[in-house]
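In: Pasting a predicted model and its sequence here:
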Amino acid sequence: MQGKISIIVPVYKVEEELDRCVQSLVNQTYKDIEIILVDDGSPDQCPELCDQYALEDNRIHVVHKKNGGLSDARNAGLERATGKYVLYVDSDDYIDVDACERFMSATDAQDVDIVVGNAIMEKSDGCEMMVHTATPTGTIYGAKEFIIRAINSYQWYAPAWLNMYRREYLLDNNLFFKKGIYFEDVQMLPRVFLPAKKIACMEGTFYHYIIRDNSIMTSKKDEKKKNDSIRNLREWKTRFDQVEDIELKKKLYGMLIKMYIHECRLYKICNREIADIDIGFAVRYGINLKEKIKAVSYLLLPKLFIR
């Protein structure tokens, strides 16, 4: 089954990296694509560069808009998209030239909601892999099976650019990004996976995630990042409370505990930020013994655990 893929690229202050990204898209072996460059009010030469790319390839469309942040740019791209599937690519990253072809192959000629991919994280001191070994390609998974397998293997990844999505699925479930926050992909993670009926997995890596020294991941921690991170997890808790399947809910709570302890350690939080996450909750729902011990240790002695 064929179908057009809309590739949405938010663009902001990436003069040096933009061409590498765009070239990886226009040279895709799968030709039925549209590339939507969303100029998010970039103050450099990016708007002109985007317009020039559009003149050179009629598959490229440019949206110029007032600066609103990554979420707003992605949302604007989704509203403009016309393809059967949607792929998000950040403008300082790039993808393999056969990525779209392999994504379409992974659908196995079915109308899947999500096709999950794999990535290489490229840092100044080396590379790390972001892969889904617990959910091999060649199988169509329901949301419950995929999420449980992924959480058990520490492979339920948040980045929106890691997956290809059926456009109608995103629109039918109002899966637009929350604006004005850090870590919008984390906020989106359960929203995008829990309603899915069919999830497929791609073979091999396709995405090259370039971690720059001034990226959100490497930049300094501040109060808004801490508050947004905890607020996201509170939203997770509210959403997970509504899950009716007991086995799935238990696993989701386990993921919530793991993320909560990680963020508390990262931001040196010693106060209880999510009331329901206490020692009893951690013992009941921790993903495994190791995660239960970590959570109980933090909840008993937060300052010592953080040190």
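Out: It's in. Since we're looking at a predicted model, the values are computed, not measured.

In: so what's Cys50 up against?
Out: By Cβ atoms under 8 Å, 6 or more residues apart in numbering, the contact set of Cys50 is Val11, Leu18, Leu37, Asp39, Ile60, Val62, His64. Any C-beta I mention is one placed from the backbone N, CA and C, and that applies to glycine too.

In: for the regular element (helix or strand) spanning it, which positions count as buried?
Out: Remark: Cys50 resides in helix 46-56, with elements defined by DSSP states H and E. Neighbour counts using 16 or more other Cβ atoms under 10 Å place Cys46, Pro47, Leu49, Cys50, Tyr53 of helix 46-56 among the buried residues.

In: Next: stretch 98-112.
Out: Using 16+ other Cβ under 10 Å as the burial criterion, the residues of stretch 98-112 that qualify are Ala99, Cys100, Glu101, Arg102, Phe103, Met104, Ser105, Ala106, Thr107, Val112.

In: Following element in sequence after the helix holding Cys50, please.
Out: Next element after helix 46-56 (DSSP H and E): strand 60-65.

In: avg pLDDT for the helix holding Cys50?
Out: For helix 46-56, mean pLDDT rounds to 98.

In: and the angle for it with strand 60-65?
Out: 150 degrees (axes from the mean of the first three to the mean of the last three Cα atoms, to 10 degrees).

In: CA-only coordinates of helix 46-56 in CSV, if you can.
Out: Only the C-alpha atoms of helix 46-56 are listed here, as CSV (Å, rounded to 0.1, in the frame of the first residue of the first chain):
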residue,chain,number,x,y,z
CYS,A,46,16.6,30.6,7.3
PRO,A,47,13.4,32.1,5.8
GLU,A,48,15.2,33.0,2.6
LEU,A,49,16.8,29.5,2.5
CYS,A,50,13.4,27.9,2.9
ASP,A,51,12.0,29.9,0.0
GLN,A,52,15.0,29.0,-2.2
TYR,A,53,14.5,25.3,-1.5
ALA,A,54,10.9,25.6,-2.5
LEU,A,55,11.9,27.1,-5.8
GLU,A,56,14.2,24.2,-6.5
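
In: Now for Pro136: which residues touch it?
Out: Contact partners of Pro136, counting by Cβ under 8 Å, 6+ apart, are Cys201.

In: Fine, thanks again, bye for now.
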